[in-house]
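Colleague: quick one: sequence and predicted model below, then my questions.
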Amino acid sequence: MGSLRRALVVAVAVPALVTGLLAVEAVMARRGPMLEGPPLDLDARVGPPGAALDVVWLGDSTAAGVGASGPSAALPTLVAAGRDGPSQLRVLARSGATVADVLEHQLPALAGTRPDVAFVSVGANDVTHLTSAPDFERGYRRLVAELPGSPRVVLLGVPDMGAIPRLAQPLRALAGLRGRRLDEVVREVAAETGSAYVDIAGETGPVMRSDPRRFFAADRYHPSDAGYREWAAAVLEVVVPAGLPVRHGEVGKMRSTR
C-alpha cells in the first residue's frame, strides 16, 4: 500500500509541477522585450501596371507584418512583389489573433466581397492560448468553408513553435509539439478543400533555428526581415498550383540574401 500511495502522490504531483513551471515560463515570455510602433498599413497596390488581383490576408501577427522593419519587408508585400503580376492587398490580419478571432472579427469584413485570392496564416496563438485540437479544427474548417466568392486559397501552416528563442524549455518543446498537432489540421483541410498548403515549419524552421539572432526580431518571437524573406520564399514556392505565377528567380533571390 505504501508503494501504491507513493506512486499516486507522484502521479498527481508531477503534472502539477509541470503545469506550474509552464505557467511561470508563459508569464516570463509575456514580460519579455516588446516591439514598439503602430501596426503596419499593408493595404496597397503592389506590382506593375495592369489589372490587379484582389488579394486578402487573414490571420495573426505574421500576416500583419509584426517584426518587419516596414511594409516592404512584411510577408504579404514580399509575396505580392514576388508574383508575376500586380496585386491589390487587403490585410485584415491582426496581432494576437486566434482562429476564433479570425472568424469573429476578420471574416465578417469580407461580407459582400469576392477576393481573387485568400491567404490564411493563423495557429501560433492557438498554440500559446491552449486552444484544443478539436476546437481549432472546427474553427479552421469553418473559416475556410465560409471564405466568400470561392477564391483561390493558400493556407500557411503553423510555424515551428519549437524554434522560438523567447520561449524557455520545456515550454518551447511543448509548444513545438502542439504546433505540429495543429499544423496537421491545416494540412488536412488544405488537402480536403483543394487549397494550396505552405509547410512553414518544415521549410523555414531549420534555418531559423540555425541563427535565431538573424531570423528573429528584437522581441525574439516574431520573424525579422530575414525571417520573413524565408517565409515568403516558402509561400512563393507553392503558389503556382494556386494559379499565381511567380517572377522568374524570385525565390532564389530571397534565399540568396541569407
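Modeller: Noted; the coordinates are in hand.
Colleague: centroid-nearest residue for this structure?
Modeller: By C-alpha atoms, centre = their mean, the chain has its centre lying nearest to residue 121, at 4.3 Å.
Colleague: enumerate every residue touching that one.
Modeller: Going by C-beta atoms under 8 Å, 6 or more residues apart in numbering, residue 121 touches 57, 58, 59, 60, 62, 63, 75, 93, 156, 200. Where you see a C-beta, it was placed from the backbone N, CA and C, and this is true even at glycine.
Colleague: let's see that with 6 Å instead.
Modeller: 59, 62, 63, 156 (C-beta atoms under 6 Å, 6 or more residues apart in numbering).
Colleague: ok, what's across the strand from it?
Modeller: residue 59, residue 156 (DSSP bridges).
Colleague: distance check, it against residue 137.
Modeller: 17 Å (C-beta to C-beta, to the nearest Å).
Colleague: now swap in residue 39 and tell me
Modeller: 29 Å.
Colleague: can you give me the helices in the stretch 151-258 of the chain?
Modeller: Assigned by DSSP state H, counting those that start in this stretch, the stretch 151-258 of the chain shows helices spanning 171-193, 200-210, 212-215, 225-236, 250-255.
Colleague: and the third one, what does it pack onto?
Modeller: So the one you mean is helix 212-215. helix 225-236 (3 or more C-beta pairs under 6 Å, 6 or more residues apart in numbering; DSSP states H and E).
Colleague: re earlier: neighbour count for residue 39 and residue 137, which is higher?
Modeller: Using other C-beta atoms under 10 Å as the criterion, residue 39 and residue 137 rank with residue 137 on top: 19 against 13.
Colleague: how about the helices of the stretch 151-258 of the chain, which one is nearest residue 89?
Modeller: The minimum distance between residue 89 and these falls on helix 225-236, with 13.3 Å, by C-beta to C-beta.
Colleague: point out where the stretch 1-150 of the chain drops to low pLDDT.
Modeller: 1-34 (pLDDT under 70).
Colleague: so residue 212 sits against residue 167, correct?
Modeller: No: assessed by C-beta atoms under 6 Å, residue 212 is found out of contact with residue 167, at 11.3 Å.
Colleague: those two: who's more crowded?
Modeller: Legend: neighbour count by other C-beta under 10 Å for residue 212 and residue 167, higher for residue 167 (23 against 15).
Colleague: domain parsing for this structure?
Modeller: 1-32, 42-255 (automatic domain parsing).
Colleague: quickly compare the ones you listed and say which is most buried.
Modeller: Neighbour counts (mean count of other C-beta atoms under 10 Å) averaged over each of these peak at domain 42-255, with a mean of 19.
Colleague: ok, the spatially closest residue to residue 118 that is not a sequence neighbour to residue 59 distance?
Modeller: Taking C-beta to C-beta, 6 or more residues apart in numbering, and ignoring the residues beside it in sequence, residue 118 has residue 151 as its nearest neighbour in space, at 4.5 Å. Distance, residue 151 to residue 59, by C-beta to C-beta: 15 Å.
Colleague: same question, residue 83
Modeller: Using C-beta to C-beta, we find residue 83 at a distance of 19 Å from residue 59.
Colleague: ditto for residue 179
Modeller: From residue 179 to residue 59 the distance is 15 Å (C-beta to C-beta).
Colleague: next: residue 232.
Modeller: The gap separating residue 232 from residue 59 is 14 Å, by C-beta to C-beta.
Colleague: next: residue 122.
Modeller: Per C-beta to C-beta, residue 122 is found 4 Å from residue 59.
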